[in-house]
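# Turn this into a structure:
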Amino acid sequence: MKVSLIITTYNWEEALELVLKSVLRQNILPDEVIVADDGSGNKTKSLINEYKKLFPVPLHHIWHEDNGFRLSAIRNKAIEKAQYEYIIQIDGDVILHPKFIEDHKKYACKNCFVTGSRVMLGAKTTEKIIENKSLLFSFINRENSNKFNGIYFPLFNNLFSHPKNKPIERLIVRVRGCNMAFWREDLIAVNGYDENFVGWGREDSEIVTRLIKKGVYRKKIKFAAIQYHLYHKTSSKDNLKTNEEILQKALLSNSFRVKNGILKIN
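Predicted coordinates:
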């Protein structure tokens, strides 16, 4: 099984560099890395070009013009670009555990998509990591939250990892697009992300809704595939009400294939 790793980013090259460093230290590398760039400036482009020289696997930079928060659109471009059958999707503000890719490959199963969790690093911890440009840090201190998610003990994962067949409303709870994995053919079948989503929120829950309607099960990873989320201010939620409405339509719809996705269907 070959893996495409998709990393979304927007104008935070200090964080992206840490993400790329954490990819390089993986004990099993992905077969390609695609940076899905939602309109960053030249600093991000220069950083990626420098890391292309260091990466032993292809490192691609997919970019579109900065016309606001268009995460769904840039993810679709990256999915379309991906060459391999399994896609692991992360954000450009998470540091990966050295076994992150290995764990996702281990727990992949046909007819499933996989969701993981994260440790939330606090402002002081994040500031120190960025200042030192170092992946050596402790997540066990008072300001960091979700520390339970940082325990690496894969043997316990069997308690959580079985595919879940529950009502959709329960299955989309706590879905985080920063730590997910899919078979590319499943993403193509549902036509990727709904590009009607603009601004922060709910695009990950919506695509999961449609995958489940297609018959793809959710599989959770705990105590493995760990990532550490760098602190930053919360994105604007001005469009959240509209995005919630799009999600509700998907929940009520009998269709799993969106019209304004990878392909534009009239």
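# What are the buried residues along stretch 201-218?
Neighbour counts over stretch 201-218 (16 or more other Cβ atoms under 10 Å) mark 201-213, 216-218 as buried. Where C-beta positions appear, they are placed from N, C-alpha and C, glycine not excepted.
# Check the residues you listed and tell me the two furthest apart.
In the buried residues of stretch 201-218, two members sit farther apart than any others by Cβ to Cβ. They are Gly201 and Tyr217, at 24.0 Å.
# about what we covered before: so which one among the buried residues of stretch 201-218 has the lowest pLDDT?
Looking at the buried residues of stretch 201-218, model confidence by pLDDT dips furthest at Gly201: 81.
# quick one: that one from Ile87, how far?
21 Å (Cβ to Cβ, to the nearest Å).
# what do you get for Leu211?
The spacing between Leu211 and Ile87, counted by Cβ to Cβ, is 12 Å.
# so how far is stretch 101-109 off the chain centroid?
A distance of 15 Å separates the centroid of the chain from that of stretch 101-109, by Cα atoms, centre = their mean, to the nearest Å.
# returning to that earlier point: shared neighbours of Leu211 and Ile87, anything?
Between them, Leu211 and Ile87 share the neighbouring residues Phe182, with contact defined by Cβ atoms under 8 Å, 6 or more residues apart in numbering.
# List the buried residues for stretch 112-129?
Residues of stretch 112-129 classed as buried under the neighbour-count rule (16+ other Cβ under 10 Å) are 112-121, 125-126, 129.
# can I have that stretch written out in CSV, keeping just the CAs?
The C-alpha trace of stretch 112-129 is given here as CSV (Å, rounded to 0.1, in the frame of the first residue of the first chain):
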residue,chain,number,x,y,z
CYS,A,112,-13.1,2.3,6.2
PHE,A,113,-11.9,5.8,6.8
VAL,A,114,-9.7,6.5,9.9
THR,A,115,-9.8,9.3,12.4
GLY,A,116,-7.2,10.1,15.0
SER,A,117,-6.8,12.6,17.8
ARG,A,118,-4.3,15.2,19.0
VAL,A,119,-2.6,16.7,22.0
MET,A,120,-3.4,20.5,22.2
LEU,A,121,-0.1,22.3,23.1
GLY,A,122,-0.4,25.6,25.0
ALA,A,123,0.9,29.0,24.0
LYS,A,124,4.1,28.9,26.0
THR,A,125,5.0,25.4,24.9
THR,A,126,4.3,26.3,21.3
GLU,A,127,6.4,29.6,21.6
LYS,A,128,9.4,27.6,22.9
ILE,A,129,9.1,25.0,20.2
